[in-house]
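Participant: need a 3D model of the sequence below.
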Amino acid sequence: MRFLLDTEHSDLAGSIDAMLTRADVTKVVRALVDGDTQPTAAVWSRLAETGVPALLVDEESGGMGAGAVEMVVAVEQLGRHCVPGPVAEAIAVVPTVLAAAGRSDLLEGVLDGGPATIAVAPAAPRAADVGLSSAVFLLRDGVLATASPATTHRSVDPARTVSDVEQTDVLAEGVDGDRATDLGALATAAQLLGLASGMLAMASDHARSRTQFGRPIGSFQAVKHHLADVAIAVEMARPLLHGAALAVDRPTSDGHAVPVDARRDVSAAKIACGQAADLAARTGLQTLGAIGYTREHDLSLYLTKTRALLTAWGTPAVHRRRVLEAIAP
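Facilitator: Residues are numbered from 1 along each chain as shown. Predicted structure coming up:
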């Protein structure tokens, strides 16, 4: 099957890329690490104005009526710019869960206000970035409820926290937790792919500008091969991501919210995008050297976010097991 993004997808990615470039997101991340949440809130306000959190909500409920393909295209750009906050939760999980639960009364605040976050047991038992969120939810055993933070934990990513949450008011019962988990994993895969692309761009720029023995280090065969390996990993992972998004969008005839093969495809995409991001991180450090570890260099922000997201919405082992169970039942 030949799959290419159409002009609408490219325009969506381009508009988000331009907006985030103007926002200078790495400065926003550093401000957040220093305790200033206002720049992050401003970025999320701009995302809300462009309709990014509303992509997966139908038009009748005040959303954009788009699909998972559009969602992953958008989220990849957020990953590429290292946007802080509960990206997968606010864009992929919370809006669709509220819509599925028939809580349109809560959707407007989630789509127009600050980002919302959610814990979905057992796949994502802690809620990300509660301190940046306008609303916190908990989905457990099919019960969707509002929640309040109990204990907040630091992450390897200094711009991210995860919190144990306690149920407050029940909003709905019989909500599909499997679909929420798959959407969270799919969005996280897109975010990881964006991070990989961002780190590859940083390493390539450094290889072109850094000289050694009178030549750019990018002219050395070993460096070129390492960067080429990352580029291949990114381009091999992207079709898996888009294919999984198409599978999630595909209607079913048996009443299941997400087809069985789509769950396999989501796991394959999460694995491949995670591997691409991990390879990009390691190659970026090899190319830049020790400066890449320092807080002053943007690469360090990407490294820590990649490390945090590799296990978010299902560890690599969990997703490998799901793929294995699908191909060898």
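Participant: Leu32 touches Thr40, doesn't it?
Facilitator: Yes - shown here, Leu32 and Thr40 form a contact pair, counting by C-beta atoms under 8 Å, at 5.0 Å. For every residue, glycine as well, the C-beta is placed using N, CA and C.
Participant: now list whatever residues contact both of those two.
Facilitator: 84, 132 (C-beta atoms under 8 Å, 6 or more residues apart in numbering).
Participant: residues near Trp313, how many?
Facilitator: When neighbours are defined as other C-beta atoms under 10 Å, Trp313 has 28 of them.
Participant: where does it land in three-state SS?
Facilitator: Here Trp313 is recorded as coil under DSSP: H, G, I helix; E, B strand; the rest coil.
Participant: who's in contact with it?
Facilitator: Taking C-beta under 8 Å, 6+ apart, one finds 88, 123-124, 181, 184-185, 187-188, 270 in contact with Trp313.
Participant: give me the element Tyr302 is part of.
Facilitator: In this assignment (DSSP states H and E), Tyr302 forms part of helix 298-309.
Participant: any stretches of the stretch 201-329 of the chain with poor pLDDT?
Facilitator: Low-confidence segments of the stretch 201-329 of the chain, defined by pLDDT under 70: 209-214, 216-221, 251-260, 329.
Participant: am I right that Ser163 sits in a helix?
Facilitator: No - the assignment for Ser163, made by three-state DSSP, is strand rather than a helix.
Participant: number of nearby residues for it?
Facilitator: Neighbour tally, Ser163, other C-beta under 10 Å: 22.
Participant: so which of the contacts of Trp313 comes closest to Glu70?
Facilitator: Using C-beta to C-beta, Ala187 is the member of these that lies nearest Glu70, at 11.8 Å.
Participant: mind checking the SS state of the closest one?
Facilitator: Going by three-state DSSP: Ala187 is helix.
Participant: that one touches Val75, doesn't it?
Facilitator: Yes - in this structure, Ala187 is within contact of Val75 by C-beta under 8 Å, at 5.1 Å.
Participant: between those two, which contacts overlap?
Facilitator: Common neighbours of Ala187 and Val75 (C-beta under 8 Å, 6+ apart) are 87-88, 91-92.
Participant: I'd like those written out as CSV, with pLDDT added.
Facilitator: Shown next, in CSV, are those (pLDDT from 0 to 100):
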residue, pLDDT
Val87, 98
Ala88, 98
Ile91, 97
Ala92, 97
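Participant: and these, which of them are buried?
Facilitator: Among the shared contacts of Ala187 and Val75, those classed as buried by 16 or more other C-beta atoms under 10 Å are 87-88, 91-92.
Participant: filter the shared contacts of Ala187 and Val75 down to the ones in helices?
Facilitator: Of the positions in the shared contacts of Ala187 and Val75, 87-88 sit in helices, assigned by DSSP state H.
Participant: could I get the shared contacts of Ala187 and Val75 in JSON lines, plus columns for distance to Asp205?
Facilitator: Output for the shared contacts of Ala187 and Val75, formatted as JSON lines (distance: C-beta to C-beta, whole Å):
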{"residue": "Val87", "distance to Asp205": "24"}
{"residue": "Ala88", "distance to Asp205": "28"}
{"residue": "Ile91", "distance to Asp205": "28"}
{"residue": "Ala92", "distance to Asp205": "30"}
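Participant: of all the shared contacts of Ala187 and Val75, which comes closest to His297?
Facilitator: Among the shared contacts of Ala187 and Val75, Val87 lies closest to His297 (C-beta to C-beta), at 22.3 Å.
Participant: hmm, back to that, lowest pLDDT pick from the contacts of Trp313?
Facilitator: Least confident of the contacts of Trp313 in the model: Ala123, at 92.
Participant: check the gap between that one and Glu89 for me.
Facilitator: Distance, Ala123 to Glu89, by C-beta to C-beta, to the nearest Å: 12 Å.
Participant: rewinding a little: and the shared contacts of Ala187 and Val75, which is closest to Leu107?
Facilitator: When the shared contacts of Ala187 and Val75 are compared against Leu107 (criterion: C-beta to C-beta), the nearest one is Ile91, at 13.3 Å.
Participant: quick one, helices of the stretch 101-250 of the chain?
Facilitator: Using DSSP state H, counting those that start in this stretch, the helices assigned to the stretch 101-250 of the chain run over residues 104-112, 177-209, 221-249.
Participant: redo those helices as TSV? Include mean neighbour count and distance to Thr306.
Facilitator: Formatted as TSV, the helices of the stretch 101-250 of the chain follow (neighbours: other C-beta atoms under 10 Å; distance: least, C-beta to C-beta, whole Å):
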stretch	mean neighbour count	distance to Thr306
helix 104-112	17	27
helix 177-209	24	5
helix 221-249	18	12
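Participant: out of these, nearest to Glu325?
Facilitator: Among the helices of the stretch 101-250 of the chain, the nearest to Glu325 by C-beta to C-beta is helix 177-209 (13.8 Å).
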